[in-house]
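**Q** the sequence and its predicted three-dimensional model are supplied below.
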Amino acid sequence: MNRGPSGGSTPAPIALPGDPPGGRRAAVIWGIGVSVYFVAVIFRTSLGVAGLDAVERFDVSASALSTFSIVQLLVYAGMQIPVGVLVDRLGAKKVLALGAALFTLGQLGFALSPSYGTALAARALLGCGDAMTFISVLRLGSRWFPARRGPLVGQVAALFGMLGNLVSTMVLARMLHDHGWVTTFAGSSAAGAVVLVLVVCFLKDHPEGHEPPPVRPERRRGRGSGVSFVRQQVVDSWREPGTRLGMWVHFTTQFPAMVFMLLWGMPFLVEAQGVSQETAGSLLTLVVLVSMVVGLVYGQVIARHHAARLPLALGTVVATALAWGATIAHPGDRAPFWLLITLCAVLGACGPASMIGFDFARPANPPQRQGTASGIVNIGGFTASMTTLLVIGLLLDATGGSYRIAFSCVFVLEVLGVAQILRLRGRTARLERERLVASKVEAVHVPA
C-alpha cells in the first residue's frame, strides 16, 4: 500500500494499459540518452574547478567571472520551455543530437578562446546545448519504462549527472593542473563527439508498438484562428498547480548546491576558509558522493510513499539553511573543518530534492505535455542559481570579498520559494486526489 497525497492509503501503482514494458533494451536505449546528459554535466561544471584559473587567464574580477556561469545558466533557463515543446513535438533523439553538437562546440570554443568575450560566447553555446539534455532524458524514461518507475528513473538520471560532476572535480581538476587549459578543455570535448555518434546511430524515441499520438495544436472555441502550438502547450501546463508547485520545489532546493558546485564553492573554500585546492576538491567531491546516495534513497522512498515528496523537499531546504547559516555565521574568520564537511554533505541532498519537482508535474500533465511541463519545472532551480551567482559576484566586489555577506543572499530566495510551496501544496493535493478517484472509476469500467 502507498500513501496518497493527503496521507490516506492508496493501492500500489500498477502498469496502465499501454505502459511501456521496460527491460534490458529500454535500459540500453535510455543509457545512451543518459550518457549525453553525463557529458553535458561534465562540461557545465568544468568551470567550477577552473574558476581561479579563469580569473588569471582572462584577467577578470569576481563579478566578471560569475558572468560566465550567469550567461550559461541564462541561456539554459531561457531554453527550457522551447526545448520542452521541441521534445513534445520532435522527440528526444533529434533534440539530444542537436544538444550534443552544440555543447561540444561550446566546450571546444571555450578551450581555444583568446579573449573574455569569445569565451563568454562559448559558454552561452554550451548552455544552449546543455539545456536540451535533461528534459530529453526524462522524456526517454517516460517512453521506455512503466509510469510507476518514474521517480526512480528520474533520480537515477540525476545520479549520472552527479557522476559527471564527480568527473569534473576529480579528473578535469587534475588534468587542468597537469596539462593546462587548452589541453584539458579541448581534450574533454572529444567525449561530446562520442555521445553524438551514439545518439545518431542507436537511439530510438520509443519501443515498437508504443508510438505516442501526434501532438497537434487544438482549436478552441471563441479564439478565432486558435492558439499557437507553443502557447497552448505552455498555458495548459502552467494552469496545473502541480506544474507550478514542481517549479517552486525545484527553485528552492537546487540552487544552493548549484551555486556552490558551479562556481563559488572552490573560491569560498580556498580564499575564505583557507583550505588547499586539493582539500577543497575533496569537499566538492563529497557533495557529489552524498548526492548519489541520497538520490537513490529519495527515488525509492517516493516510489513507495508518494506523500513523502513534500516533507523530503522541505526537510532538505531547512537542513540546507541551517548548515549554510552555521558556516557563514561561525565566529571568527574560518569555520571548523567538521562544519565544512557537514555543509558539503547537506548540499549533497539538494540535487535529489530538486528532482521531486518533476514528481509533482508528471501526474498533473498528460503524456503530450510532459516535455513542456518538465521545462517549466527545470526553469525554477536554474533561475534561482543564475540570480544567486550574479548577486554573490556583485556583493563580493562591493564588500571587498566578504563571503559572509555575499552568501547571505541565499536565504532570501529560500524564503520566497518556501512561501510559494506552502501556497500551492493544498490545491495540488486536492487535484491529485480527484484524478486518483477518476482513474479508479475509469479502471473499473475498462473491459477485461
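**A** Thanks, I have the structure now.
**Q** low-confidence ranges, the stretch 201-350 of the chain, go.
**A** Residues of the stretch 201-350 of the chain meeting the criterion pLDDT under 70: 209-227.
**Q** tell me where it has strands.
**A** Listed in chain order, the stretch 201-350 of the chain contains no strands at all (DSSP state E, counting those that start in this stretch).
**Q** which parts of it are helices?
**A** Using DSSP state H, counting those that start in this stretch, the helices found in the stretch 201-350 of the chain span residues 229-239, 241-259, 265-267, 277-304, 309-328, 337-347, 350-361.
**Q** between the ones you listed, which gets nearest to Leu98?
**A** helix 229-239 (17.3 Å; Cβ to Cβ). Every C-beta, even on glycine, is put in place using the N, C-alpha and C of the backbone.
**Q** tell me what angle that closest one forms with helix 241-259.
**A** Helix 229-239 and helix 241-259 are oriented at 90 degrees to each other (axes from the mean of the first three to the mean of the last three Cα atoms, to 10 degrees).
**Q** helices or strands next to helix 229-239 in the packing?
**A** Packing contacts for helix 229-239, counted by 3 or more Cβ pairs under 8 Å, 6 or more residues apart in numbering; DSSP states H and E, involve helix 62-90, helix 370-399.
**Q** buried residues in the longest one?
**A** The one in question is helix 370-399. For helix 370-399, burial by neighbour count (16 or more other Cβ atoms under 10 Å) applies to 370-393, 395-396.
**Q** now it: mean pLDDT?
**A** Taken as a whole, helix 370-399 carries a mean pLDDT of 90.
**Q** about what we covered before: quick one: closest of the helices of the stretch 201-350 of the chain to Ala111.
**A** The nearest among the helices of the stretch 201-350 of the chain, by Cβ to Cβ, is helix 265-267 at 19.4 Å.
**Q** what packs against the host helix or strand of Val95?
**A** Here Val95 sits within helix 92-112, counting by DSSP states H and E. Judged by 3+ Cβ pairs under 8 Å, 6+ apart, helix 92-112 is in contact with helix 24-58, helix 62-90, helix 116-130, helix 134-144, helix 181-202.
**Q** quick one, phi/psi of Gly400?
**A** phi 70, psi 30 (degrees, to the nearest 10).
**Q** distance check, it against Glu271.
**A** Here the criterion is Cβ to Cβ, to the nearest Å. By it, Gly400 lies 12 Å from Glu271.
**Q** which one's more surrounded, these two?
**A** Counted by other Cβ atoms under 10 Å, Gly400 and Glu271 do not tie: Glu271 has more neighbours, with 15 against 7.
**Q** now for that one: which residues touch it?
**A** Contacts for Glu271 (Cβ atoms under 8 Å, 6 or more residues apart in numbering) come out as 401, 403.
**Q** ok, now the one 4 residues further on?
**A** If a contact means Cβ under 8 Å, 6+ apart, then Val275 has 269, 283, 337, 340 as its contacts.
**Q** okay, the helices and strands packed on helix 92-112 in TSV with distance to Thr243 and mean neighbour count next?
**A** Putting the helices and strands packed on helix 92-112 into TSV (distance: least, Cβ to Cβ, whole Å; neighbours: other Cβ atoms under 10 Å) gives the following:
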stretch	distance to Thr243	mean neighbour count
helix 24-58	22	21
helix 62-90	11	23
helix 116-130	22	21
helix 134-144	13	27
helix 181-202	28	17
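**Q** select, out of the ones you listed, the one closest to Thr279.
**A** helix 24-58 (13.3 Å).
**Q** centre of the chain to that closest one, how far?
**A** 12 Å (Cα atoms, centre = their mean, to the nearest Å).
**Q** Leu203: neighbour count?
**A** Neighbours of Leu203 (other Cβ under 10 Å): 23.
**Q** what of Leu312?
**A** 22.
**Q** ok, Pro207 touching Pro21?
**A** Yes - using Cβ atoms under 8 Å, Pro207 is in contact with Pro21, at 6.9 Å.
**Q** how close does Val41 sit to Phe145?
**A** Noted for Val41: a distance of 21 Å to Phe145, by Cβ to Cβ.
**Q** what's the answer for Ala280, then?
**A** Distance from Ala280 to Phe145, by Cβ to Cβ: 38 Å.
**Q** so which of the two has more stuff around it?
**A** Ala280 (24 against 20).
**Q** how much space separates that one from Leu52?
**A** For Ala280, the distance to Leu52 - Cβ to Cβ - is 10 Å.
**Q** equivalent analysis for Ala27, please.
**A** 40 Å.
**Q** please name the residues that touch the residue nearest to the spatial centre of the chain.
**A** Central residue of the chain (Cα atoms, centre = their mean): Asn378, 6.2 Å from the mean position. Residues near Asn378 by Cβ under 8 Å, 6+ apart: 77, 80, 134-135, 250.
**Q** from those, which shows the smallest pLDDT?
**A** Lowest confidence among the contacts of Asn378: Ala77, with 85.
**Q** spatially nearest residue to that one, not counting backbone neighbours?
**A** Phe382 (4.3 Å; Cβ to Cβ, 6 or more residues apart in numbering).
**Q** what's the answer for Gly371, then?
**A** Val87 (3.6 Å).
**Q** my guess is the one you found meets Ala373, correct?
**A** No - judged on Cβ under 8 Å, Val87 makes no contact with Ala373 at a distance of 10.8 Å.
**Q** what's the pLDDT at the residue nearest to Val55 when sequence neighbours are not counted?
**A** Taking Cβ to Cβ, 6+ apart, and ignoring the residues beside it in sequence, Val55 has Leu65 as its nearest neighbour in space, at 5.7 Å. On pLDDT, Leu65 comes in at 82.
**Q** contacting residues for Leu65?
**A** 51, 54-55, 263, 393.
**Q** separation between it and Glu56?
**A** 11 Å.
**Q** got the contact list for Met258?
**A** So Met258 contacts 350, 381-382, 385 (Cβ under 8 Å, 6+ apart).
**Q** and what of Gly325?
**A** Phe411.
**Q** over to Arg404?
**A** 328-329.
**Q** neighbours of Asn365, just the number please.
**A** Asn365 has 22 nearby residues by other Cβ under 10 Å.
**Q** do the same with Leu347
**A** 28.
**Q** for stretch 162-179, buried residues please.
**A** Those would be 162-170, 172-173, 175-176, for stretch 162-179 by 16+ other Cβ under 10 Å.
**Q** and the contacts of that stretch?
**A** 37-42, 44-46, 48-50, 53, 183-184, 187-188, 261, 277, 281, 284-285, 287-289, 291-292, 295, 351.
**Q** and the closest residue to Ala280 other than its chain neighbours, how many neighbours?
**A** What sits nearest to Ala280 in space, not counting adjacent residues and going by Cβ to Cβ, 6+ apart, is Leu269, at 3.8 Å. Residues within reach of Leu269, counting by other Cβ under 10 Å, total 24.
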